[in-house]
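In: Sequence plus the predicted model coming up.
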Amino acid sequence: MSLRLILTRHAKSAWDNPFDTDHARPLNPRGRAAAPRIGRWLVARDYLPDAALVSDAARTRETWARLSAEFPAPVPAEFLPALYHASPDTMLRILGNAQAWTVMMIGHNPGIAGFAADLVAERPAHEGFARYPTCATLVVDFAAPDWSELQPGTGKVQDFIVPRELE
């Protein structure tokens, strides 16, 4: 059995409250609409995670809550401070401890775009892949026997989507 990673950047966040810290910023209305669309897209394509690793920032938690509300059954999630603005190396280390076959990871740019680029053997032709806009989602498979043996540059892209394509 192969491993599958669903790698999602948080949905569009609000910048209108000058008292919010970066960590506390919630989603804006566009982000609140985008996350469920990605959730429905994942369900329609049977890209359902067995577990989720989510940055503990407000916007990633809210992205997960709205996205996973579309799933047919609850999925266990860990909210990790180490994923808040994590580097690609940190993301790889965290993923290396995962126990599920299909893992969803929700994080932030620029780390998530770099991590996606590092993982895949061949980048998708999609124009949004390099900048990884908000709520962009990559589905990538690996032949590794478990996450601790994952090697960069070995992932086979199954899909890549941005929310605007689902409007």
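Out: That came through, no problem. Numbering: from 1, shown residues only.
In: C-alpha only now, for contacts and for neighbours.
Out: Fine.
In: right, and residue 147 touches residue 93 too?
Out: No. Applying C-alpha atoms under 8 Å, one finds residue 147 not in contact with residue 93, separated by 9.3 Å.
In: quick one: which of those two has more around it?
Out: Neighbour count, other C-alpha atoms under 10 Å: between residue 147 and residue 93, residue 147 has more, with 23 against 14.
In: For the more buried one, which non-adjacent residue is closest in space?
Out: residue 96 (4.6 Å; C-alpha to C-alpha, 6 or more residues apart in numbering).
In: quick one: the one you found from residue 12, how far?
Out: Going from residue 96 to residue 12 by C-alpha to C-alpha, to the nearest Å gives 28 Å.
In: Comparing the two, which residue is more hemmed in?
Out: residue 12 (22 against 15).
In: Contacts for the biggest helix by length in the chain next, please.
Out: With residue count as the measure and DSSP state H as the assignment, the chain has helix 29-44 as its longest helix. Contact with helix 29-44 is made by 11-13, 48, 63-64, 66-72, 134-135, 137, 163, 166, as judged by C-alpha atoms under 8 Å, 6 or more residues apart in numbering.
In: Pull the distance from it to the chain's centre.
Out: 12 Å (C-alpha atoms, centre = their mean, to the nearest Å).
In: buried stuff in that helix?
Out: Going by neighbour count (16 or more other C-alpha atoms under 10 Å), the buried part of helix 29-44 is 31-43.
In: Please apply the same query to stretch 104-120.
Out: In stretch 104-120, residues buried by neighbour count (16+ other C-alpha under 10 Å) are 104-109, 111-120.
In: Mind checking which of the residues you listed are in helices?
Out: If you go by DSSP H, the buried residues of stretch 104-120 have 111, 112, 113, 114, 115, 116, 117, 118, 119 in helices.
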